[in-house]
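Peer 1: This is a predicted model, with the sequence first.
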2 protein chains.
Amino acid sequence: MINYNYGKNENTNWIVEETIYKEKFLGKTESTFLLGNGYFGIRSANEESTANTTRNTFISGTFNKADENEVTELPNVNDVYSLDLFVDGEQLIINDTTVTNYSKRLNVRTGLLERKMDVTNGDLVVHIATKRFISLANIHLTASVFEVTANKDVSIEFYSMIDGQVSNSGAQHFYEGEKKLIDGKYLENVIKTTQSKVEVATHVAHNFNQDIDSLIMMDRRKVGFRYRANLTSGIPFTMEKYATFTTSIDLDCQDNFVQTGLEILQDAEANGFAAELEKSVAAWNEYWNEVNIEIEGDDFTLLSVRYAQYQLRVNCPMHDERMNIGAKGLSGEGYKGHTFWDTELFMLPYFIFAQPQAARSLVKYRYHGLEGARLKAKENNYQGAMYPWEAAWPSDGEVTPVWGAADVVTGEATKIWSGFIEQHITADVIYGLWLYYQVTGDQEFMNKYGYEMIFDTANFWTSRVEMEAKGYVIKNVIGPDEYKEHVDNNSFTNYMAKWNLDLALSYVEMIDESLKADLKQKIGLNIDGWKDVSNNIFLNTPNEDNVLPQDDTYLTLDTLDLTPYKNADRVGTLFEEYSLSQVNKLQISKQADVMVLFLLMEGLFSKEVKQSSFEYYEPKTLHDSSLSLSTHVVLAQDLGNTDISEVLFERACKIDIGENMKSSDHGIHTASLGGIWQGVVYGFGGVRIVNEQLRIEPSIHSKWNKLAFRINYQSQVLAINISQQAFTVANHGSTNIKFINKGKTYDVAANDQVTINL
Amino acid sequence: MINYNYGKNENTNWIVEETIYKEKFLGKTESTFLLGNGYFGIRSANEESTANTTRNTFISGTFNKADENEVTELPNVNDVYSLDLFVDGEQLIINDTTVTNYSKRLNVRTGLLERKMDVTNGDLVVHIATKRFISLANIHLTASVFEVTANKDVSIEFYSMIDGQVSNSGAQHFYEGEKKLIDGKYLENVIKTTQSKVEVATHVAHNFNQDIDSLIMMDRRKVGFRYRANLTSGIPFTMEKYATFTTSIDLDCQDNFVQTGLEILQDAEANGFAAELEKSVAAWNEYWNEVNIEIEGDDFTLLSVRYAQYQLRVNCPMHDERMNIGAKGLSGEGYKGHTFWDTELFMLPYFIFAQPQAARSLVKYRYHGLEGARLKAKENNYQGAMYPWEAAWPSDGEVTPVWGAADVVTGEATKIWSGFIEQHITADVIYGLWLYYQVTGDQEFMNKYGYEMIFDTANFWTSRVEMEAKGYVIKNVIGPDEYKEHVDNNSFTNYMAKWNLDLALSYVEMIDESLKADLKQKIGLNIDGWKDVSNNIFLNTPNEDNVLPQDDTYLTLDTLDLTPYKNADRVGTLFEEYSLSQVNKLQISKQADVMVLFLLMEGLFSKEVKQSSFEYYEPKTLHDSSLSLSTHVVLAQDLGNTDISEVLFERACKIDIGENMKSSDHGIHTASLGGIWQGVVYGFGGVRIVNEQLRIEPSIHSKWNKLAFRINYQSQVLAINISQQAFTVANHGSTNIKFINKGKTYDVAANDQVTINL
């Protein structure tokens, strides 16, 4: 139902548009048209009340535990956009029948959401046009225009409120708080979370293009105005609405966040909607100047990657290093705002190459998270830092919920084991740090934070392993493939643990003695233990068919024909017939597992092993996680299987903005969006860090005439321009850089470029 | 929009019916068609999700404080009736356009709710018919039938859940709790309130008339089934759904409430919908046999009074004397389930005369409430028992919220003073007790509970007054007219306080010495203080125009022409232009004030004073409280102003089931419903207790040919049959009774009757 409004022209290749109003599909564009700026996000729900609407406004980092039995989550704060219009005393009902000439569009270049429609009731036709944005220039601000034009003279009435009756699917995180009207114009509401005691101030103001009758209204958890106006046939009535959010944890204003919120509101309202939008668009222009990608010959992919870059920006709290990106960002309650390995494996590469300052903040979050990681290790009787599978506020430690969906066989709630035993996350975090360091060369970060993270995670792995006849084993884990619980020696986990230990061993030799002494004192450096475990850890090796076993038992399990589930129009259909404990006993994978290992540790296995393993596992993989496709895309492209990579890449691009109108109700798939960028830059662009060096081996999509993008590398900007015949690497920086192509090293001087034929 | 389906025939004079579907008016029949049995109540919201729907399920007595800054309230428990139907994969949308042949009807004789409609989508027409009841025979049970017939072969899909995502306008009272599937069929959810730790078990089961595909589903705060079936054109598909609610405070099963809930469910499901409905209807028949009223010549009034009697029954928790009736009963969040003077002054008379066992339970609640009343007195530095203006669990004490709606002038929340200074409630409670005793002669209740209540409230009043030159004054109160805050010597309050003291003085002389000694020890009997205050309390007297001043200053205030507000189509319009502090300074009354005093204390003032005061105050009274009209009706009738009483009586009857479709969104008006009965039996029937004697002086409505009803008096049943020309009092009891008519005493022997010409 979503139309992709793309074409030959630069201006239209930035717009995602929905052109048919369908109440049952409201969730789709509510989440995929999310507005945000990393500080906060608002689902693009319609102003009008209807069934099937989920209104969410989330502010990054405001985590709270609704009650003692729940885990901390991002709470839904005051809604500022709901509004029902009454025309001549009758509520204007918005539904599949009454709405025509509908258009809802998100411009990812400007961050502007626009909606237009005609609503018919008998001989009355009301044209509604709304605009809304969240400012990228001023992180606390959102503004909107609500325009109404009727085909005859009518009176209208509506309530415009700060609405705190929202909850997280029934869980309420806030005390009711204080409601106030200031100077007869500015609405104020200050609420506080029940457990974490974070205070959130909401301020709202309105301006109109004509006379209006207003009346202050207060209700439970609500404050606002009732407005009444008389409209002349054909003459638009417009309301500009401004809202600000500030909190007691804001680094820029926590000491006077209430007053700051009011002042920003007053300032914005004085400037007007157009001026504030212009400032925000200027900030977006700056962003796009840095990250823009060009693709010729494939408008859908161009829009998809821009859409992905838009979402990665609006969901990234780059203003505050105590915060990270949630698996659904700020677009829905799904995954509670928690951060997973999704950040390091799927999103961080984008920020490292395109927005290194943001990447630094995301990695720094994991440094702050050492506190929680040490807490988790201690609680589990291990040493060092054991990162939580799901993370919220850095000091929280593990926040994975314990109970999940119903088991179809027993009817009992399924226990979620990942918080207990999905332990590869600790090595994944270090991989993200390592990649950041490799690409940016940020030695200061390593000295202050990075080495401590690497050494203390090595300490964890050393305490985690158990000695058996075949060496040090890691028993009872979940690997990336979450359909295999309680397995021993998951290859991804064991190889990554060894890599983490080896990294610690190599760096501990290089750092200066005073830092080493400091860290020894602070965390203890079990160097002999690292060596012993690294040398003696058990590692699965490829079998006679060149297939790397996923773990000790996967290859011995029964198989099942997955065709019906792989062809289903949505994910998860297998679980309508099988319980997780049944699936645990079959060769069925949720997502890429050893494939991720192949991707991260490129030199470890031969091309033959990768190819055979790909052919073995892919038919057994349901891609039920949106993380699965991009890994397969890059790997298939690396292996030269371009027919497969191109098909899977298209599927990856369509996870959120594709034809499936039910894919994103609970929120967008931020990791998958990072995966789209990886498909382009890693897969078709051939950019990778291998053996601590930049390698560029492009091979663009068969439909494309051109792929051009920039990357940051060692504080220089490289512009890479690829056609089907050749590619050019231009160094826009001030010092020379090196890169590898097909085993050969190229040196590009500042302001120089190299062209290589393909 | 509500049609009153009444006619000549006995069977149709029991039905309230809505025949046009209007989304904006959904709230009306959700609350006015409330189902319940005193143990629990469910708003009659449609199964389907739409905007403007409020789903509420309340269980009496389960009060909880959502957080430390709020007052305790009745929490919304799991919803069991929401259900959205998907036909051939498309959600069946219910709205003003798609619904035709609509009928939603409540039969107050049987407690059965029925809804029928056709929903059209292109050439698909789906006929939906639902039935639902809450059992009067089994207080824990509700059951429903959901029937679907399509005009072609279709597949349907729907989710039928126990849904705990509900809240009280955003406030969540429950921990998420445990979800379970038992024997593959029975759904169980046990939740607990966050502060009061009341546990609530919900059990649900389904049966179908054809094969169906089912899949267990769990979500946050939800458990249920996804169902899929294939329908044949024209053949009805039916689902019977059974649900039970049991709690850890249930007197009948608190020690094993979870198991009991399951067993009742299994039993009901085995019996079937029809059999369980039959049992409930039998219980309703018993009720109507006891309380039925006959009116000839006015079908609307007949339906209104039956409707009132229905609501009084379904909202009265007569199973548990620790509970009372809320101002909106179980029909909505309004007034938080709290009990006010509404019980004693407006509803209790009905129960005393018609259902004395229920009355006993309601009065006993106030005995339990002595604990909270003493707490309140102590907190306010008074002696004895000071009843709370709003009451919840008896030991809670005062639970009136402190902040209310916005002041239109300042924009600040208005402070609700009634919890602090609306103190006449203490005497009102004693009035209710006294009336119960007068009518029932329940001496045992008095000995065990009643005298203690009377004496300890007398102790309160003694400590409450202050001596001034003009005598003991009661300063800084709110009387029944809540538009006058912080007044001195409100006449109603002072006269009722004196009456309370005099009652204590007269009873303390009559009770036996050992009881007196016990009570002296337990609560202290300040008899000298009672006498002193009673003898010296300041009481306003009628002025030269025979008008009794409402308080020390009312008659000196400015006046305002109230015509526009009195003619408005809804209450409260004055406050769109004036703030409460402005209204405080004007001769504007919310409701009856001295009129209530005239009604309760019949002999105190002359007919001239009553008439002059009526004529003075009524034009200044907005009747913004639904309590106001019935007092005016009875008083006007007593004064012989039948033109006024008949007009106001019709307005009173229409408060909930009248043409105003927005009157009852937040809940029905239980006191006003009690007032309808008072209008009939007190006003037109002329029944009253005066000077501790039963007086019967009827004068029926000019349109009526006959009014007949029964009352319980001194454990006997009297049948009173009134025409325009005469009336008969038949004694159906076993001992003779006396009554007064126009100063003459009549003695009616058992099984005898007296006829008096009018």
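Peer 2: The structure has been received and is ready for your questions.

Peer 1: Pull the contacting residues for the residue of the stretch 151-300 of chain A found nearest chain B.
Peer 2: Chain B sits closest to A:L181 of the stretch 151-300 of chain A, with a gap of 2.6 Å, by CB to the nearest CB. For every residue, glycine as well, the C-beta is placed using N, CA and C. By CB atoms under 8 Å, 6 or more residues apart in numbering or on different chains, A:L181 lies in contact with A:187-188, A:216, A:223, B:406, B:410-412.

Peer 1: Reformat those residues as TSV; add pLDDT and neighbour count.
Peer 2: Formatted as TSV, the contacts of A:L181 follow (pLDDT from 0 to 100; neighbours: other CB atoms under 10 Å in any protein chain shown):
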residue	pLDDT	neighbour count
A:L187	97	25
A:E188	96	22
A:I216	93	21
A:V223	95	26
B:A406	80	24
B:T410	80	14
B:G411	79	22
B:E412	81	15
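
Peer 1: hang on, the earlier thing: which of the three states applies to the residue of the stretch 151-300 of chain A closest to chain B?
Peer 2: Classification of A:L181 by DSSP: H, G, I helix; E, B strand; the rest coil places it in strand.

Peer 1: Excluding covalently adjacent residues, which one is nearest to whatever residue of the stretch 301-450 of chain A ends up closest to chain B?
Peer 2: Using CB to the nearest CB, A:G411 is the residue of the stretch 301-450 of chain A that sits closest to chain B, at 2.7 Å. Excluding its sequence neighbours, the residue lying closest to A:G411 (CB to CB, 6 or more residues apart in numbering or on different chains) is B:L181, at 2.7 Å.

Peer 1: so what's the one you found bridging to?
Peer 2: B:L187 (DSSP bridges).

Peer 1: separation between A:R688 and A:F598?
Peer 2: 12 Å (CB to CB, to the nearest Å).

Peer 1: Return the nearest residue of the stretch 501-650 of chain A with respect to chain B.
Peer 2: Residue nearest to chain B within the stretch 501-650 of chain A: A:E576 (5.6 Å; CB to the nearest CB).

Peer 1: so what's that residue up against?
Peer 2: Contacts for A:E576 (CB under 8 Å, 6+ apart) come out as A:408, B:215.

Peer 1: Equivalent analysis for A:G640, please.
Peer 2: Taking CB under 8 Å, 6+ apart, we find A:G640 in contact with A:S699.

Peer 1: before we move on, the earlier item: what's the spacing between the residue of the stretch 501-650 of chain A closest to chain B and B:T755?
Peer 2: In terms of CB to CB, A:E576 sits 75 Å off from B:T755.

Peer 1: how about the helices in the stretch 501-650 of chain A?
Peer 2: Counting by DSSP state H, counting those that start in this stretch, the stretch 501-650 of chain A has helices at residues A:513-523, A:527-536, A:563-566, A:580-583, A:594-600, A:607-617, A:628-638, A:642-657.

Peer 1: Of all those, which one comes closest to A:A504?
Peer 2: The closest of the helices of the stretch 501-650 of chain A to A:A504 is helix A:527-536. By CB to CB, the value is 5.5 Å.

Peer 1: Summarise which helices and strands that closest one is packed against.
Peer 2: helix A:451-464, strand A:471-473, helix A:491-510 (3 or more CB pairs under 8 Å, 6 or more residues apart in numbering or on different chains; DSSP states H and E).

Peer 1: show me where the stretch 651-758 of chain A has helices.
Peer 2: Applying DSSP H, counting those that start in this stretch to the stretch 651-758 of chain A gives helices spanning A:670-678.

Peer 1: again with the stretch 151-300 of chain A
Peer 2: With helices called from DSSP H, counting those that start in this stretch, the stretch 151-300 of chain A shows them at A:257-271, A:273-291, A:299-314.

Peer 1: Which residues does the second one contact?
Peer 2: The set of residues external to helix A:273-291 that reach it, using CB under 8 Å, 6+ apart, is A:109-112, A:131, A:133-138, A:141, A:143-145, A:240, A:242, A:268, A:309, A:313, A:354-355, A:710.

Peer 1: same deal with the shortest one?
Peer 2: Taking CB under 8 Å, 6+ apart as the criterion, the residues outside helix A:257-271 that touch it are A:138, A:140-141, A:143, A:182, A:186, A:188, A:190, A:199, A:201-205, A:207, A:240, A:242-248, A:250, A:252-253, A:276.

Peer 1: Residue numbers of the stretch 551-700 of chain A in contact with chain B?
Peer 2: Within reach of chain B by CB under 8 Å from any CB of the partner chain, the stretch 551-700 of chain A has these residues: A:E576.

Peer 1: if you set the cut-off to 10 Å instead, what comes out?
Peer 2: For the stretch 551-700 of chain A, the residues in contact with chain B (CB under 10 Å from any CB of the partner chain) are A:575-577.

Peer 1: how about a markdown table for those residues, with distance to A:A282 added?
Peer 2: Converted to a markdown table, these look like this (distance: CB to CB, whole Å):
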| residue | distance to A:A282 |
| --- | --- |
| A:F575 | 48 |
| A:E576 | 50 |
| A:E577 | 53 |
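
Peer 1: pLDDT added to these, as JSON lines?
Peer 2: Putting these into JSON lines (pLDDT from 0 to 100) gives the following:
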{"residue": "A:F575", "pLDDT": "87"}
{"residue": "A:E576", "pLDDT": "85"}
{"residue": "A:E577", "pLDDT": "88"}
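
Peer 1: Closest one of the residues you listed to B:S663?
Peer 2: Minimum distance to B:S663 across these is 46.7 Å, recorded for A:E576 (CB to CB).

Peer 1: Need the nearest residue in space to A:V71, chain neighbours excluded.
Peer 2: The shortest distance from A:V71 to any non-neighbouring residue, by CB to CB, 6+ apart, is to A:V399 (4.5 Å).

Peer 1: Got phi/psi on that neighbour?
Peer 2: Backbone torsions of A:V399, given as degrees, to the nearest 10, read phi -130, psi 20.

Peer 1: OK, contacts around it?
Peer 2: Counting by CB atoms under 10 Å, 6 or more residues apart in numbering or on different chains, A:V399 touches A:63, A:65, A:70-73, A:336-339, A:372, A:388-393, A:419.

Peer 1: One more: A:F340?
Peer 2: A:F340 sits next to A:324-327, A:346, A:388-391, A:400, A:418, A:422, A:425, A:428, A:627, A:670-671 when contact means CB under 10 Å, 6+ apart.
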